[in-house]
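Chemist: Any chance you can model this:
(2 chains)
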Amino acid sequence: MEDNKISRSLYENQKYIKTTLGKSSDIIIRHFVIPAFNNCKAMILFIDGLVGTKELDDIVLRPLMNNSQFLMQKNYISSVGPIKAVQEAGLHASSVNEKQQWTEILDLVLSGDTALFIDSLDTAIIISSRGWESRSVSEPVAEGEVRAARDGFIENIRSNTALIRRRIKDYSLRMETMKIGDRTKTDVVLVYIDNLVDKGILGELKSRLERIRVDSILESGYIEEFIEDAPLSIFPTIEHTERPDKASAAILEGRIVVLVDNTPFCLVVPTVFWQYIQATGDYYEKYYVATFIRWIRLLALFLALTISSFYVLLSSFHQEMYPTLLALRVAAGREGVPFPSIIEVFLMEIMFEILREAGLRMPQPVGQAVSIVGALVIGEAAVNAGLVGPILVVVIAAEAISSFAIPAYSLTLALRLLKFPLIILSGTFGLLGFLGGTVIVTLHLLSLRSFGAPFLTPIDPFRARGNKDVTIRAPWWTMTKRPKATKPQDDSRQADSKALKPEPPPVK
Amino acid sequence: MKRFIAVILVLNTIFLSGCWDSRELNELGLVMAVGVDKEKGGDLYTVTAQVAKPSSASGQGGKSGGGGEQPVWVGSAQGKTIFEAVRNMAKFSSRRIMWAHNNIIIIGESLAEEDITPVVDFFTMNPELRMKTWVAVAHGDAKPYVTAKTGVENIPGISMAELFRYHELPAESTATDMVRLFRDFKSESTQPLVSALNKQNEEEVAGAEKQVELEGAAVFKGTKLIGWTSPEETRGLAWIRNEMGNAIIVVQDVGEKKQNISVELSGTKVKTKAQLTGEMPSIDVEIKTKGDISEIDEPSDMTIDKLKELVKKETEREIKKEIKLGLDKVQKELKSDVLGFGRAVHIANKDEWYKRIENEWEYLYPQVAVNISVSVELNSATLYQEPIKIEKKKTRG
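Modeler: The predicted structure is shown next:
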């Protein structure tokens, strides 16, 4: 599309619009006359559905078409010219703009604004009138918490920026907008605090975003894949969240949040691995409990990844590692099972994966029934039929529950996939294969970086300060510094911990 | 395509070669107890293995249940060596024998009298076997002990192993595992003392199944069994070997009322030291222990201090008597240095040991003087309170 200026002729403009946008039913062109300009012809262009039509009547049509008020400004009109006059005295809209380029005008119209064309003027006036139907702010579905704010991001990026702005009233909070996607022209907003964020990381992020030349961005997942440090890694190196409080906390630590239009999920950069086992609620509950729960999550992470391969290697290679009575139990359970344990485990794992996927896809009323039937089939029937041992059902159940205990769904997905190579290695090489597999995974994790931050920091490289928020959740009054991984410009977060620690009043 | 096939072949060689030693748990026969026998003068070893049947042993897979089925399967095979006998077991055993969960190794009396070297050799060289497996010598053949139905546990082998765990309560035997036997067996200055298994007598059981009991000990000299110690003698040895956990000593006929008093001893410390005075080494055994008076049958007229003093003396005398009993048996009668006196001498005077005593120890040992000093410390809170029996008598009378 060549970069044309609009014409002075209303007819030409209308023809241009008809040829570029075609005969879509939702494109509305409304002609009218403006009495104040001696019944000069004018038209407005907008997309039905993106614009609140009722509002449009009030802010554009009524003031311009109604004789009385705008007519009285005749002197003013002649002194500043029609364009300025319409903006300053005519329209009742809160946000107006002059545009002359067709591309700019059409982009804005397609985003929900309204363009006003007046005959014999080569400038269009853009009136902000975005007002489409959107879901109201509701509780985040994928990241539930017991004690935390109940609002979550929605598909409307304006509401999302507002949700952050309501939490951080800092003068230096910046929201930079970019458009990505040739056809979708999706709004992408970088949110950060200007005097906190590391300019290097910010520049890197911007340059990576500018590199993206695609026709469409439909979800933040697209962007995530285009800007990752390790595109081939199985682990997600960019965290996403739909919680405004989590996003705000990240911004306040000197991270950058990438909001994408039409999705409630925003990206957080840079990300370190441990963010995946930190949940928002940790910071609102007592720190003893939060620390304990974090360790439980860590345990769940290991169980989700390794417990099934451990079962395989114990029952087909290292039977001596079972305590005697347990060995008898497992052997008794496996009595008559026709498969070697690696096949047995694969059978159950695959069944469980299918069940998990089915539960996700099923329409809600059916889903309940299916998961109950599925669980019964897998657990009870498979054991009774002698296809698997009862101990394995316990193992798989423990693994499944563990995988749900990890707050970050994206990490769960990675573990779900990783356990299969581990099972194969354990089933063919025993403990040696298992160790080899876990060592490879660990080495891979160590090699990862997210926008310059080592993925496993502050555990490795070890940072004592950062561990206040990883191995434990230290009380808030001791967390005086921001984490080093984000290289914040301003290190200190709050006053000294001595001053902050609450104390009872002195006894009189 | 060629490359694809090459990759598949390479992966296959890698992954399939890993499976060579893979065995499923339910294809293994987990040995719970094993007995080794050899007839006097014969040259065939008999290995008897008690293999758990998991489905009936752990009460699972309930269909077969009903309690009728045996939780174990016993197989017995012969061979010119122990290893061959074990291999021969595969002729009729549907599962591969796995030793890792073995609880106890029982050595038959006639084999022990001949030579236990093959047993120690086989069971320490086998990488599957744990060195913490209990070892015992049976009175008579080992086979009936392996086949016996004994104990509360489902699996007799586990029942027998549990005996070793609680042997310290009566302290009338000793608990030897393979590590200990191996160490003493290899040692030049200590002889092995191995737990002994016995079957209850007819009159003890009265019709019920004869139970296996852990009682007394087998005394070895070199590689051969040379004799047994009775439970009482073993108790004496346990003092010096420091295997007394919570010993109960009953002192009888104390004071003018001839009371029977039980003393519970704990926290026993034993020091065995050797001295060399001139040609002849001598051994000092110093035993320090603490105790409580836990039972008195009659109220005493004596003051507490006096009674304590009396009980203390009696207890010390009693302990000495017990030790003497055991010591006389092994030192004077069997002439086997199971208490490690030679080792003490070795430690005390290395030069003399290598120069002279090592060769003569065989003759010196029975003559070595052993000085036993026992000191008991009584802290008796129990005394301040009158025993319930006495209170009852008082209210009645």
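
Chemist: Spatially, what comes nearest to residue A:152 if we skip its sequence neighbours?
Modeler: Closest residue to residue A:152 apart from its sequence neighbours, by CB to CB, 6 or more residues apart in numbering or on different chains: residue A:140 at 3.2 Å. Heads up, the C-betas are built off the backbone N, CA and C, glycines and all.

Chemist: what sits opposite residue A:260 in the beta ladder?
Modeler: With DSSP bridges as the criterion, residue A:260 is bridged to residue A:188.

Chemist: Next, the contact list for it, please.
Modeler: Residues in contact with residue A:260 (CB atoms under 8 Å, 6 or more residues apart in numbering or on different chains) are A:157, A:186-189, A:217, A:219-220, A:223, A:266-267.

Chemist: Can you verify my assumption that residue A:190 contacts residue A:204?
Modeler: No - taking contacts as CB atoms under 8 Å, residue A:190 lies outside contact range of residue A:204: 11.8 Å.

Chemist: any idea how far the nearest residue in space to residue A:181 that is not next to it in sequence lies from residue A:238?
Modeler: For residue A:181, ignoring the flanking residues on the chain, the nearest one in space by CB to CB, 6+ apart is residue A:217 at 4.3 Å. Per CB to CB, to the nearest Å, residue A:217 is found 15 Å from residue A:238.

Chemist: Settle it for me: which of these two has more neighbours?
Modeler: residue A:217 (25 against 21; other CB atoms under 10 Å in any protein chain shown).

Chemist: give me the element the more buried one is part of.
Modeler: Using DSSP states H and E, residue A:217 sits in no helix or strand.

Chemist: Quick check on residue 265: phi, psi?
Modeler: You didn't pick a chain, so chain A it is. phi -100, psi 130 (degrees, to the nearest 10).

Chemist: Hmm, no, I was thinking of chain B.
Modeler: Per-residue torsions, residue B:265: phi -110, psi 140 (degrees, to the nearest 10).

Chemist: tell me which element the residue nearest to it when sequence neighbours are not counted is part of?
Modeler: Once flanking residues are discounted, residue B:265 sits nearest to residue B:291: 4.2 Å by CB to CB, 6+ apart. Per DSSP H and E: residue B:291 is located in strand B:280-296.

Chemist: Now for residue 178: which residues touch it?
Modeler: Let's take chain A. Shown in contact with residue A:178 (CB under 8 Å, 6+ apart): A:187-190, A:206, A:209-210.

Chemist: The chain in question should be chain B.
Modeler: B:105, B:123-124, B:129-135.

Chemist: Just confirm residue A:402 contacts residue A:306, I think it does.
Modeler: No - Residue A:402 is beyond contact range of residue A:306, at 9.9 Å (criterion: CB under 8 Å).

Chemist: before we move on, the earlier item: surely the residue nearest to residue A:152 and residue A:240 touch.
Modeler: No - contact criterion CB under 8 Å: residue A:140 and residue A:240 do not qualify, at 11.5 Å.

Chemist: the more surrounded of the two?
Modeler: More neighbours surround residue A:240 than the other of residue A:140 and residue A:240, with 27 against 24 (other CB under 10 Å).

Chemist: Do you know the pLDDT at that one?
Modeler: Per-residue confidence (pLDDT) for residue A:240: 95.

Chemist: Backbone dihedrals for whatever residue of the stretch 201-350 of chain B ends up closest to chain A, both of them.
Modeler: Nearest to chain A in the stretch 201-350 of chain B, going by CB to the nearest CB, is residue B:212, at a distance of 18.6 Å. For residue B:212, the backbone dihedrals are phi -90, psi 130 (criterion: degrees, to the nearest 10).

Chemist: So it versus residue B:178, what's the distance?
Modeler: Residue B:212 is 19 Å from residue B:178, by CB to CB.

Chemist: Ok, residue A:496 next?
Modeler: For residue A:496, the distance to residue B:178 - CB to CB - is 62 Å.

Chemist: Next: residue B:245.
Modeler: Remark: distance between residue B:245 and residue B:178 (CB to CB) = 22 Å.

Chemist: swap in residue B:309?
Modeler: As judged by CB to CB, residue B:309 and residue B:178 stand 46 Å apart.

Chemist: and stretch A:13-28, C-alpha only, in CSV?
Modeler: The C-alpha coordinates for stretch A:13-28 follow below in CSV (Å, rounded to 0.1, in the frame of the first residue of the first chain):
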residue,chain,number,x,y,z
ASN,A,13,-11.7,10.0,-0.4
GLN,A,14,-14.8,7.8,-0.4
LYS,A,15,-13.7,6.1,-3.6
TYR,A,16,-10.3,5.4,-2.0
ILE,A,17,-11.8,3.9,1.0
LYS,A,18,-14.1,1.7,-1.0
THR,A,19,-11.2,0.4,-3.1
THR,A,20,-8.9,-0.3,-0.1
LEU,A,21,-11.2,-1.6,2.4
GLY,A,22,-13.7,-3.2,0.0
LYS,A,23,-17.3,-3.9,0.6
SER,A,24,-17.2,-5.0,4.1
SER,A,25,-20.5,-4.8,5.9
ASP,A,26,-19.0,-3.5,9.1
ILE,A,27,-17.3,-0.5,7.5
ILE,A,28,-19.7,2.4,7.9
